[in-house]
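Peer 1: Here's a sequence, model it:
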Amino acid sequence: MELSINNVSKSYKQNKALSDFTLTFTPGVYALLGPNGSGKSTLMNIITENLKADSGIITYNGRDIKKMGAEYLYLLGYMPQYPGIYPQFTAEEYLYYIAALKGVKDPTAQITDALREVELDDVRSMRTSTFSGGMKQRLALAQAVIGDPKILLLDEPTAGLDPKQRIAVRNYISKISLDKIVIIATHVVSDIEYIAKTAIFLKKGIVADCGSPSELARKSEGKVWVIRCGTDEVTSYQNSFKVINIYSDGQDVNLRILSDTKPSDGAEPASPSLEDEYIHVFAV
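Peer 2: Numbering: from 1, shown residues only. Just a heads-up that it's a prediction; the model follows:
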């Protein structure tokens, strides 16, 4: 199973939102990382055919998706960043409605499983108008997996979730990715660091870097430092270096700094993370 994107570009007037994006996706989790305006949502909307590319071609198992028509759309599951959920429906009714739109003939087992996995099975009969933002977010994920799509696109899937719910959603995404292509657009590096097989850094519509999270993290080897200093020194370090994290124990302050060279005699090297490399790529 392959979804191949070849030289796809998209502009909005004079703004180049996506420039010659090329990548082949196979089953597993892919993360699109980048700040607002980097092209993540544009790419997702082009893959779902909600948006037309200016140039390039997308194929599924060698077939042009434009020629596949509805056959391709039935392969998709999509969770938008701002899901529209009808407030008069209960959670269960909403999923039955989505299943009907997708042409799923006997969705009961899928609905039960999806509600359980996103931890909404105990509120399945409650109207969605009573749901919190996090509950609606989890229901939006549940609707995306109805119909057993082969390509699952998730735009900010963990927004508004508490730490326990984030872990549950991450584990669920990881489990279902065994036989699906899962593409996640997110700002939260920690959400994908341990489940994505490939992370894609998008910067102003261009792939700035691409690789496994561990491969990308290693690119910051020798550039991450920890410094213990007084509170009166913090501003000076912030003015001179990229300070990634500041932690105070009530007396001194621990700084995590990104620098190509040792920032001070007291600095100690630290093991790099994907977030460190993200800051390195996007802070310049």
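
Peer 1: just for this protein, where's the confidence low?
Peer 2: 284 (pLDDT under 70).

Peer 1: Break it down into its structural domains.
Peer 2: Domain assignment for the chain by automatic domain parsing gives 3-212, 218-282.

Peer 1: Buried deepest among the ones you listed, which one?
Peer 2: domain 3-212 (a mean of 17; mean count of other Cβ atoms under 10 Å). All C-beta atoms are positioned from the backbone trio N, CA, C, and that covers glycine.

Peer 1: OK, contacts around residue 127?
Peer 2: By Cβ atoms under 8 Å, 6 or more residues apart in numbering, the residues touching residue 127 are 87-90.

Peer 1: mind running it again at 10 Å?
Peer 2: 86-91, 93-94 (Cβ atoms under 10 Å, 6 or more residues apart in numbering).

Peer 1: what does residue 281 give?
Peer 2: Contacts of residue 281 (Cβ under 10 Å, 6+ apart): 33-34, 201, 203, 208-209, 216, 219-220.

Peer 1: can you put those in CSV and add secondary structure and distance to residue 27?
Peer 2: Shown next, in CSV, are these (DSSP: H, G, I helix; E, B strand; the rest coil; distance: Cβ to Cβ, whole Å):
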residue, secondary structure, distance to residue 27
33, strand, 20
34, coil, 23
201, strand, 22
203, strand, 27
208, strand, 25
209, strand, 22
216, helix, 21
219, coil, 26
220, coil, 29
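
Peer 1: nearest to residue 120, of the contacts of residue 127?
Peer 2: residue 91 (5.5 Å; Cβ to Cβ).

Peer 1: is it true that the closest one touches residue 138?
Peer 2: Yes - contact criterion Cβ atoms under 10 Å: residue 91 and residue 138 qualify, at 9.3 Å.

Peer 1: what residues are shared contacts of those two?
Peer 2: Overlap of the contact sets of residue 91 and residue 138 (by Cβ under 10 Å, 6+ apart) consists of 114-115, 118, 120, 131.

Peer 1: and these as a markdown table, adding distance to residue 104 and secondary structure?
Peer 2: As requested, the shared contacts of residue 91 and residue 138 are exported to a markdown table (distance: Cβ to Cβ, whole Å; DSSP: H, G, I helix; E, B strand; the rest coil):
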| residue | distance to residue 104 | secondary structure |
| --- | --- | --- |
| 114 | 11 | helix |
| 115 | 15 | helix |
| 118 | 18 | coil |
| 120 | 18 | coil |
| 131 | 23 | coil |
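
Peer 1: Right, I'll leave it there.
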